[in-house]
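Participant: Make a model of this:
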Amino acid sequence: MLLSFRVANHKSIKDEQTLHLQPVYDKSRPALPVAAIFGANAAGKSNVLDALRFMIEAVRSSFGGWHERVARSPYQLAPESAETDSTFGVELLLDGVRWTYGFSVDSDRVTAESLYTYPQHRPRLVFKRDINAIKFGTTVSLSRTTAKGVHGLLPPHSLFMSAAGGIFPELGQVHSWFASKVAILASGAPEIDDRRLLAILEDASVAGRFVALARAADVGLADIEVQRAIPAPSWVEDGEAFKQWIAVAAPALDPSISAQELRSRERRMRAAAERLGGKRASATDWTVIREPLFRHGPNRVGMRLRDQSRGTRVWLSYLMPMITALDNGSTLIVDEIDTSLHPRLTAQLISLFREPRVNRLGAQLVFTTHDATLLGRQFGEDILGRDEIWFVEKNQDGATDLYALAEFQPRKDENTERRYLTGSYGSVPGIFEGDFTEALAGNHGETGDRAAS
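Facilitator: The predicted structure is shown next:
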């Protein structure tokens, strides 16, 4: 579980900002299942998540993937920031043990990196690195000579966690979290296509839940199934051969057989086509064409994926990342979660992470949004908890500030949505209607004067 994330000197973020996922009001839970970040356009919501993306990618690929320089994006509105380190850090809870990992980089190299664990609620060093050396804690059994050699072999622009996370068992849990326990969807989920949908529908472990969630969001949808077809062979005029061919090929059209069994059937079809069709046999004679088909209405009319509404396709795109996160107890990061998604569907997606009966493994959802209705209630329940709500806004220097609703000590029955929209928490755009009108109707120098005449 992600307990906190901190960042400094990244894009619109200048000074260190920290996103906490530790409960404020219910201490019985180790971590919050949801964190939502609200704010005006260009306030830096996406940059908070982009900083986490940068950290994840650095762990996954800085060793071997970064060439000579660090691909960072320091704060641009202060010239001195280009000469200042960018810093990233996470606090994790893995199998009941707390870990803290972080690093600092300039444009050429890693300037600091460290990993601590807290097995008895007290810090225990795993490793600590600076420009000159790596120091290992007592849990890492390396001689001084070997430790010195490790530092000498490490490229200056590569993280030690990236290079050695899969080798040193003491780093394994934290490295594994970065490698497989967190996923990021930038600007919403990538739209699903026929190939991805087909793979989902043919996976028995998820297909039933996927279709059930799709039906729950689209009241007109009766089912999603895989339609199978076999192109007619070129030698269909040969009645007896075609009869034998159909006896082999027809069972492959049974939608109940598994993908593994289908591949077995296709091998038999190939052998039959070569035996019965001879030189006239072609590759299409042993290929089953599979296509997702949406059944709508009481008459179960079949429609293709491209015929579904934009909202339905977006909802389908979210389902697999969501199911995967819930199944694995992992962290799902989504920028602009409300893109092309109805507010009620967004609220339902959030509720699945907040529902203990569904989220049994501690999966987390962290997202940005403009949708103020998510600050309200649905079916008599708060969509978001008071400690699950965060805001960003630009300060006087143009840098992003990140802060929690909990800092305002809101009452449990407070109308958070209304107070947010009226500016009680900041983080809303300062809009003056006259500015918009004047931008088009007013005179703006010579060009405007000519237009008016």
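Participant: Could you report the distance from Lys27 to Asp387?
Facilitator: 11 Å (Cβ to Cβ, to the nearest Å). Every residue, glycine included, has its C-beta placed from N, CA and C.
Participant: Between the two, tell me which one has more neighbours.
Facilitator: Taking other Cβ atoms under 10 Å, Lys27 and Asp387 do not tie; Asp387 has more neighbours (20 against 8).
Participant: a helix runs through the more buried one, doesn't it?
Facilitator: Yes. Under DSSP: H, G, I helix; E, B strand; the rest coil, Asp387 falls within a helix.
Participant: Nearest residue to it in space, please, no chain neighbours.
Facilitator: Val24 (3.8 Å; Cβ to Cβ, 6 or more residues apart in numbering).
Participant: tell me the SS of that neighbour?
Facilitator: Val24 - assigned by three-state DSSP - is coil.
Participant: Let me see the contact set for it.
Facilitator: Contact analysis of Val24 by Cβ atoms under 8 Å, 6 or more residues apart in numbering lists Arg386, Asp387, Ala404, Ala406.
Participant: same thing with Ala82?
Facilitator: Pro74, Ser107.
Participant: Quick check: the gap between the residue lying closest to Gly329 once chain neighbours are set aside and Pro321.
Facilitator: With Cβ to Cβ, 6+ apart as the criterion, Gly329 has its nearest non-adjacent residue at 3.0 Å, and that residue is Leu361. Look at Leu361 and Pro321: by Cβ to Cβ, they are 15 Å apart.
Participant: Asp223 now?
Facilitator: 22 Å.
Participant: got it, and His10?
Facilitator: Taking Cβ to Cβ, one finds His10 at 24 Å from Pro321.
Participant: Of those two, which one has the most company?
Facilitator: Taking neighbours as other Cβ under 10 Å, His10 and Pro321 compare with His10 leading, 25 against 19.
Participant: can you give me the mean pLDDT across stretch 232-244?
Facilitator: For stretch 232-244, the mean pLDDT works out to 78.
Participant: Buried residues of that stretch, list them for me.
Facilitator: By 16 or more other Cβ atoms under 10 Å, the buried positions in stretch 232-244 come out as Pro233, Trp235, Asp238, Ala241, Phe242.
Participant: so Phe353 is in which element?
Facilitator: Take DSSP states H and E as the rule and Phe353 turns out to sit in helix 343-354.
Participant: whoops, I mixed them up, Thr312
Facilitator: Assigned by DSSP H and E, Thr312 belongs to helix 310-328.
Participant: Could you tell me how many residues sit around Thr339?
Facilitator: Residues near Thr339, counting by other Cβ under 10 Å: 16.
Participant: The closest residue to it other than its chain neighbours: what secondary structure?
Facilitator: In space, and not counting its chain neighbours, Thr339 is closest to Gly188: 3.9 Å by Cβ to Cβ, 6+ apart. Here Gly188 takes the coil state, with states given by three-state DSSP.
Participant: Take stretch 380-389 and give me the span from its first residue to its final residue.
Facilitator: Stretch 380-389 has an end-to-end distance of 18 Å (criterion: Cα to Cα, to the nearest Å).
Participant: Oh, that last question was meant for stretch 150-160, not what I typed.
Facilitator: Termini of stretch 150-160 sit 9 Å apart (Cα to Cα).
Participant: Touching it from outside, list them.
Facilitator: By Cβ under 8 Å, 6+ apart, stretch 150-160 touches 58-59, 62-64, 66, 68-70, 103, 105, 108-110, 113, 127, 129, 131-134, 142, 163-164.
Participant: Would you map the helices across the chain?
Facilitator: 45-65, 144-153, 160-164, 172-180, 194-201, 207-217, 239-249, 259-276, 310-328, 343-354, 416-421, 433-441, 445-452 (DSSP state H).
Participant: So which of these is nearest Thr287?
Facilitator: helix 259-276 (6.9 Å; Cβ to Cβ).
Participant: contacting residues around Ala186?
Facilitator: By Cβ under 8 Å, 6+ apart, the neighbours of Ala186 are Leu49, Asp50, Arg53, Asp335.
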